[in-house]
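1. Return atomic coordinates for the entry below.
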Amino acid sequence: MSLKNSYTTSDYLQWDSATNLVRKLYRDKEYRISLLIGCGIFFGLRISDLLQLTWEMLLNKDAKFIIIEKKTGKRREVRINREFQKHIKDCYVALGIQNLNELCFLSGRSNKAYSIQWVNIVLKELKEKYSLKIDHFSTHSLRKTFGRRVFEASGEHNAELALVKLMELFNHSSVTITKRYLGLRQEEILQTYDYLSF
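-> Residues are numbered from 1 along each chain as shown. Next comes the predicted model:
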């Protein structure tokens, strides 16, 4: 529960900052966190779904997997980006995983799955440690980073199509909700001030 009048919306990371963070974490031997952030920005799943991922799902020879979303109960098929596949394999090898049915995101000490609260604490620490330019960094920031990247990479001519696709992926009821979710609606409103001249 949030405090009255507090800001609880998460922000997105710029794509280059997000992918650089994944690389830096790998370099610093933080393989599981590197992989978690990578999966978040490349799959666009909620954290509750990311924490269900197994090595077998990620190392599937078809480079895709199916997950039943915890929040919605809906089936979702996810394709694994070809470039990101190499990172998954590198993390798998670096961690010396023996059991493909093992969850990907287990604590090394307790061998229990990460909690959402713990991941949020880690993300706040990473924001400071790596001087990330993001105000509100949380697990939801990863999903928003995915959405912003898809929208921005679509280009001006395909922006509406990208929003429709994201609406479907995010299971939103309208494009307006998707725009608000990605922070696009607020940007459009603020651009109104740019129309004025002095």
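2. list the buried ones in stretch 184-198?
-> Neighbour counts over stretch 184-198 (16 or more other Cβ atoms under 10 Å) mark Leu184 as buried. Where you see a C-beta, it was placed from the backbone N, CA and C, and this is true even at glycine.
3. Can you get me the start-to-end distance on that stretch?
-> 26 Å (Cα to Cα, to the nearest Å).
4. residues making contact with it?
-> With contact meaning Cβ atoms under 8 Å, 6 or more residues apart in numbering, stretch 184-198 is reached by Phe151, Thr176, Lys179, Arg180.
5. From Val164, how far out is the second one?
-> Spatial separation of Thr176 from Val164 under the definition Cβ to Cβ, to the nearest Å is 12 Å.
6. do you know how far His87 is from Ser48?
-> 22 Å.
7. does Glu77 sit in a helix, a strand or a coil?
-> Classification of Glu77 using DSSP: H, G, I helix; E, B strand; the rest coil returns strand.
8. what's across from it in the sheet?
-> Judged by DSSP bridges, the bridge partners of Glu77 are Ile66.
9. which other helices and strands contact the host helix or strand of Glu83?
-> Taking DSSP states H and E as the criterion, Glu83 maps to helix 82-95. Applying 3 or more Cβ pairs under 8 Å, 6 or more residues apart in numbering; DSSP states H and E, one finds that helix 82-95 contacts helix 15-27, helix 31-43, helix 55-58.
10. one more time with 6 Å
-> For helix 82-95, the elements it packs on are helix 31-43, judged by 3 or more Cβ pairs under 6 Å, 6 or more residues apart in numbering; DSSP states H and E.
11. Now the element after the helix it packs on, going C-ward?
-> Counting by DSSP H and E, what follows helix 31-43 is helix 47-50.
12. Could you tell me which of the contacts of stretch 184-198 belong to helices?
-> Residues of those located in helices (DSSP state H): Phe151, Thr176, Lys179, Arg180.
13. Closest one of those residues to Leu100?
-> Ranked by distance to Leu100 (Cβ to Cβ), the ones in helices among the contacts of stretch 184-198 are led by Phe151 at 34.2 Å.
14. What score does that closest one have for pLDDT?
-> Looking at Phe151, its pLDDT reads 90.
15. residues contacting the closest residue to it other than its chain neighbours?
-> In this structure, Phe151 finds its nearest non-sequential neighbour in Ala162, 5.0 Å apart by Cβ to Cβ, 6 or more residues apart in numbering. By Cβ atoms under 6 Å, 6 or more residues apart in numbering, the residues touching Ala162 are Val150, Phe151, Ser154.
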